[in-house]
Every structure is written in structure tokens, then in C-alpha cells.
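K.L.:
coords below, sequence missing:
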């Protein structure tokens, strides 16, 4: 038995190795890097309209308390530690009469739907939803509006938690280290809930949310860690650098931040799909050669990929696997060691 065969047998027999490998192979099969890039592109286009809406809402409801309005805005921008300060200096509220204000908000809402559409496409692909079963353009945009509303509510709740964490006193109670930990834990749980709700809303199939709770919690912890790392990086490495690089630094920092966040979103969804659909253990050499014995998880995965491309409900897709090709004479097999 060759070395690669022993490694393959080990990962198939140990879930703590086979499951992460199955997630990586599913991520590769679904072109997860391109899905994250798609989310980054539309997230970049949607972010400024969303912040314009946030500024407009804060200017309307907190017009009598500019200090509180600025504090809430700073707490929301703190979610983007790499470029939050620069966003705050470059985003201002809508100006003009009521009709112009309404038109501006409506245009911003429509422009921000791109990220919801991209998220729906990514999740339906990851969860192998056939094309004919996906919502039509009108219903998908209605789902996108609901998704943006949920994000807005989640951002408000998360912002309130951030404001509470920054206060020395809250409702007359002095906050200490334990209170800060409680607020951080609440933020992580809130982000996990938002992930679960977004997966359920944007995926056009029934998902077992209880089985996805652990995956969503892991994604929320990764997002919280990303915020901490970003804040540390800004405080110790990029202090004053954004003033030097200007708008160029803002754009690069924003794209990098959005891309890492999109990777967390996609990878958590991939892990949930692999766990629920039992797409592990995979054969070790499956992505590299045709001369491999497919596992049952390999076959389930490849059948789901083919079924995903069915455009009509009366279109039937069947998958048949022939025996793998034999190695050429005089040439060692690809997995020989």
C-alpha cells in the first residue's frame, strides 16, 4: 500500500480530518473563491448606499441629539476597523426636498439589492438548488428586501451592544470586565442568529437550522476575531497610513475587508452543506486525477452538481459513473508513491 493510500484511508476513518477535507473539496468544486469575489464586488457597490440610508435614518430620528447620533454612527462604522474612520468622513446624509430624499433612498435601496442577489446565487449553488426551483427575478428581489431589513435590524442591535460595551455606566450599573465579556458574547450570538436567518431566507430549500447552529456560531466567532484582528492592525500597524494613501488606501482596505468577510460567509455555508448532506469523506485524489475510486460522498456530491444545472422542472438529469480508467502500460498510477 502506497503512502497516499495510507493517508487516504486515515482521513476516511477519522472524521476530524475527513470533514474539513470534505469542506475544502466542496469549496473547490463550487468555485468558492469566485463566489466570495462576487459577494465582494456587489458588497462594495452596496455598502455606500446602505450607509447613506443609515445616515439618513439617524439624521431623521436623532436630529435632536447630535452627540448620540454620532456615537451610534461611530459604533456602526467600528464594524469596519480597517476603513471605518475614512468611511465616516466621506459619507454624508441626503440633501434636498422630500421628493429628492425619497428618490435618493429608493435608488440606494435598489442599488444595495445586488449583494442580496449575489448571496442568493451563492447559497443556492452551495446547497445544490436546481435552477428551475430558484425564485424568479421579482421574488428574489423581494427576498433581498427582507434580507436587507433583517441586516438593518441586526446592525442596529449590534450597534446598541457596541454602544453599551463602550459605556462606563449602563442604566446606573458600572460595567466591568465580566460585563464586557457578556456584551461580546451577545454580539457573537447575534451574528450567529443573523447567519442562520440569512441562510434560511436566501436558500430556496428547507434547511435544518438546529444542525446548522454550530456552523453559524463558528462563522460568528470568525467574524468577531476578524474585527479584533482588524482593530489591532489599525492601532499598531496602519496608524496614520490611511492619511498617506488617501482614497487608494480606503478602496484597497474596503475590498480586502469585504473579501475576508465574504470568505467567512461562504465557508460557513459550505461547512453546513457538507455536514447536512453528508458530503464526506471524499477520496483524497479526487480533484487531481480521474484514476481514483470515488467514495459514496464523491458520488453524492457529483450527482448534486449535475442536478443543480436543471433549468426546467420536467428536465430529468441522471448521472452514471463508469469504472475509472486503468493506468497506461509502462506508466505508474497517479497515486503511486
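P.N.:
Arrived safely. Computed from a prediction, not measured in an experiment: that's the story for all the values here. Residues are numbered from 1 along each chain as shown.
K.L.:
Mean pLDDT per helix and strand in this structure: which one sits at the bottom?
P.N.:
Here the helix or strand of the chain ranked lowest by mean pLDDT, DSSP states H and E is strand 169-170, holding a mean of 47.
K.L.:
For this structure, which segments are assigned as strands?
P.N.:
Remark: strands assigned in the chain by DSSP state E are 169-170, 173-174.
K.L.:
what's the distance between residue 226 and residue 12?
P.N.:
According to CB to CB, to the nearest Å, residue 226 and residue 12 sit 32 Å apart. In this view, the C-beta of every residue, glycine as well, is placed from N, C-alpha and C.
K.L.:
my bad, should have said residue 225
P.N.:
Look at residue 225 and residue 12: by CB to CB, they are 31 Å apart.
K.L.:
Likewise for residue 136?
P.N.:
Distance from residue 136 to residue 12, by CB to CB: 42 Å.
K.L.:
These two: who's more crowded?
P.N.:
residue 12 (18 against 8; other CB atoms under 10 Å).
K.L.:
Enumerate every residue touching residue 213.
P.N.:
Contacts for residue 213 (CB atoms under 8 Å, 6 or more residues apart in numbering) come out as 192, 196.
K.L.:
same check, this time on residue 323
P.N.:
With CB under 8 Å, 6+ apart, residue 323 has no contacts at all.
K.L.:
Check residue 123 too.
P.N.:
Shown in contact with residue 123 (CB under 8 Å, 6+ apart): 199, 202, 203, 269.
K.L.:
pLDDT weak spots in the stretch 151-300 of the chain?
P.N.:
Per-residue confidence for the stretch 151-300 of the chain (pLDDT under 70) gives these ranges: 159-160, 162-180, 231-250.
K.L.:
Recalculate using a threshold of 90.
P.N.:
Applying pLDDT under 90 to the stretch 151-300 of the chain flags residues 151-187, 223-258, 291.
K.L.:
So which residues of it form helices?
P.N.:
Ranges of helices within the stretch 151-300 of the chain are 177-202, 209-236, 241-277, 296-308, based on DSSP state H, counting those that start in this stretch.
K.L.:
for those, which one ends up most surrounded?
P.N.:
helix 241-277 (a mean of 19; mean count of other CB atoms under 10 Å).
K.L.:
Packing partners of that helix?
P.N.:
Under the contact criterion of 3 or more CB pairs under 8 Å, 6 or more residues apart in numbering; DSSP states H and E, helix 241-277 touches helix 15-29, helix 32-61, helix 84-90, helix 98-126, helix 177-202, helix 209-236.
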